[in-house]
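Enquirer: show me how the following folds:
(one chain, ligands or ions: 2)
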Amino acid sequence: MALRIVRLDKDLPLPARAHPGDAGVDLYSTTDAQLRPGRRQLVGTGVAIALPHGTVGLIHPRSGLAARAGLSIVNTPGTIDAGYRGEIKVCLINLDPEEPILIKRGDRIAQLLVQRVELPSLEEVDELDDTSRGAGGYGSSGGHAAL
Ligand SMILES: O=c1ccn([C@H]2C[C@H](O)[C@@H](COP(=O)(O)OP(=O)(O)OP(=O)(O)O)O2)c(=O)[nH]1
Ligand SMILES: [Mg+2]
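Expert: Residues are numbered from 1 along each chain as shown. Ligands and ions are numbered 1, 2, ... in the order given. Model prediction:
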């Protein structure tokens with residue numbers, strides 16, 4: 001499958017996988033940004049894509065920047081709907097409690113994954129079938145550390 005991509009910012013390289021077989025296509029920031037601790041900022045990536053119907057684009061943080069600097073994405077993973085044709089933007093956040101993060105135009109700040117997605121219609125019913133879990137959630141199975 002080829003993914004159609006438009007470079008809205010022609011002075012940035014075409015996004016690419018760092019290695020063949022990598023899940024993520026690295027996305028560039030179109031702007032400089034300075035993120036103080038705890039602050040967030042929406043940055044452009046300079047690209048628009050046409051995802052095939054039945055797929056979704058997921059915008060994930062990059063591990064290196066997360067571990068080194070505390071850079072993450074507020075709504076991770078971001079959801080790119082198949083019908084979206086606008087510029088992909090990323091809502092970056094600095095999770096480091098003390099140090100600011102400096103982003104330069106052209107930095108690879110996030111990665112795009114493309115996955116198949118089910119698109120079920122919704123069928124309203126009065127009751128759901130029984131399962132062994134039932135309505136138990138939020139740690140109901142135990143085994144977690146004491147808080
Ligand atoms: O990290 C992201 C997440 C979303 N989008 C774009 C593509 C996506 O298709 C659209 C809407 O995203 P979402 O459905 O998550 O946001 P919403 O708040 O529900 O907005 P909408 O009412 O437009 O669906 O915004 C991005 O560019 N980057
Ligand atoms: Mg939405």
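Enquirer: near ligand 1, which residues of the chain?
Expert: Taking Cβ under 6 Å from any ligand atom as the contact definition, the chain meets ligand 1 at 59, 75, 78, 79, 80, 81, 84, 88, 89, 90. All C-beta spots, glycine's among them, are computed from the backbone N, C-alpha and C.
Enquirer: and the first one, how close does it get to residue 4?
Expert: It refers to residue 59. Per Cβ to Cβ, to the nearest Å, residue 59 is found 18 Å from residue 4.
Enquirer: between the two, tell me which one has more neighbours.
Expert: Taking neighbours as other Cβ atoms under 10 Å, residue 59 and residue 4 compare with residue 59 leading, 23 against 9.
Enquirer: how much space between the more buried one and residue 106?
Expert: For residue 59 relative to residue 106 (Cβ to Cβ), the value is 18 Å.
Enquirer: buried sites along the longest strand along the chain?
Expert: Taking DSSP state E as the criterion, the chain has its longest strand at strand 108-116. By neighbour count on 16 or more other Cβ atoms under 10 Å, the buried set for strand 108-116 is 108, 109, 110, 111, 112, 114.
Enquirer: pLDDT at whatever residue of the chain ends up closest to ligand 1, what is it?
Expert: Nearest residue of the chain to ligand 1 (Cβ to the nearest ligand atom) works out as residue 78 at 2.1 Å. Looking at residue 78, its pLDDT reads 98.
Enquirer: one step back: closest to residue 49 among the buried residues of strand 108-116?
Expert: residue 112 (7.7 Å; Cβ to Cβ).
Enquirer: the nearest residue to the closest one once chain neighbours are set aside and residue 90, how far apart?
Expert: Using Cβ to Cβ, 6 or more residues apart in numbering and skipping the chain neighbours, the partner closest in space to residue 112 is residue 25 (4.6 Å). Distance, residue 25 to residue 90, by Cβ to Cβ: 13 Å.
Enquirer: which one of those two is surrounded by more residues?
Expert: Using other Cβ under 10 Å, the more surrounded residue of residue 25 and residue 90 is residue 90, with 24 against 21.
Enquirer: so that one sits in a strand?
Expert: Yes: Residue 90 forms part of a strand when assessed by DSSP: H, G, I helix; E, B strand; the rest coil.
Enquirer: would you agree it is in contact with residue 109?
Expert: Yes: the pair residue 90 / residue 109 is scored as a contact, 6.1 Å apart, by Cβ atoms under 8 Å.
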